[in-house]
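Chemist: got a predicted model here, sequence first, then my questions.
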Amino acid sequence: MPRARAKGFTIIELMVVVAVIGTIIALAIPGLMRAREVSRASSCQENLVKIVGAVDSWALEYDKRDGDTVAWQSLVGKTLYLKKAPVCRGGGSYGGTFTVGTTPTCDYTPPLWFDTQGNKYEHTVSDATD
């Protein structure tokens, strides 16, 4: 009498499927992490554009020239140029004082997996408008 074949998957078939899924995940995760860092940099650059606009508006209103400085307190508030202080999504900082006519920067340091040299990346407005 012939034996009926058992229904289901063998352990080898299951191991192959798990290995394929693991390989796909291993290939996808670095790309997703890099995309997240690029998104953070883009958000930071957008904040810098907002800061430049606020500094320029302040300079026009108070008849200030290139080289004059302005502090956060004069830019951020419900009735001022920025409703709230922008936050760098990467954890960098924009500084507390800005100079009219110069480009503000963010001292953001990406994680080591993103840059193995440990470089600091300064996002600037020119990067955002290129």
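Modeler: Happy to help now that I have it.

Chemist: what's the burial count for the nearest residue to residue 99 once chain neighbours are set aside?
Modeler: Spatial nearest neighbour of residue 99, chain neighbours left out: residue 69 (5.2 Å); criterion: C-beta to C-beta, 6 or more residues apart in numbering. Yep, even glycine has a C-beta here, placed from its N, CA and C like the rest. By other C-beta atoms under 10 Å, 12 other residues sit near residue 69.

Chemist: hang on, residue 69 packs against residue 98?
Modeler: Yes: using C-beta atoms under 8 Å, residue 69 is in contact with residue 98, at 6.7 Å.

Chemist: quick one on the thing from earlier: which residues touch the residue nearest to residue 99?
Modeler: By C-beta atoms under 8 Å, 6 or more residues apart in numbering, residue 69 lies in contact with 97-100.

Chemist: quick one, phi/psi of residue 107?
Modeler: When read as degrees, to the nearest 10, the backbone of residue 107 gives phi -90, psi 70.

Chemist: tell me what it is bridged to.
Modeler: Here residue 107 sits in beta bridges with residue 122, as judged by DSSP bridges.

Chemist: next one: it from residue 64, what distance?
Modeler: Here residue 107 is placed at a distance of 25 Å from residue 64 (C-beta to C-beta, to the nearest Å).

Chemist: go on, residue 94?
Modeler: Taking C-beta to C-beta, one finds residue 94 at 19 Å from residue 64.

Chemist: so these two - more neighbours on which side?
Modeler: Set side by side, residue 94 and residue 64 show more neighbours around residue 94, with 20 against 16, by other C-beta under 10 Å.

Chemist: helix or strand for residue 78, just tell me which one.
Modeler: Using DSSP states H and E, residue 78 sits within no helix or strand.

Chemist: burial of it, as a residue count?
Modeler: 6.

Chemist: no further queries at this time; thank you.
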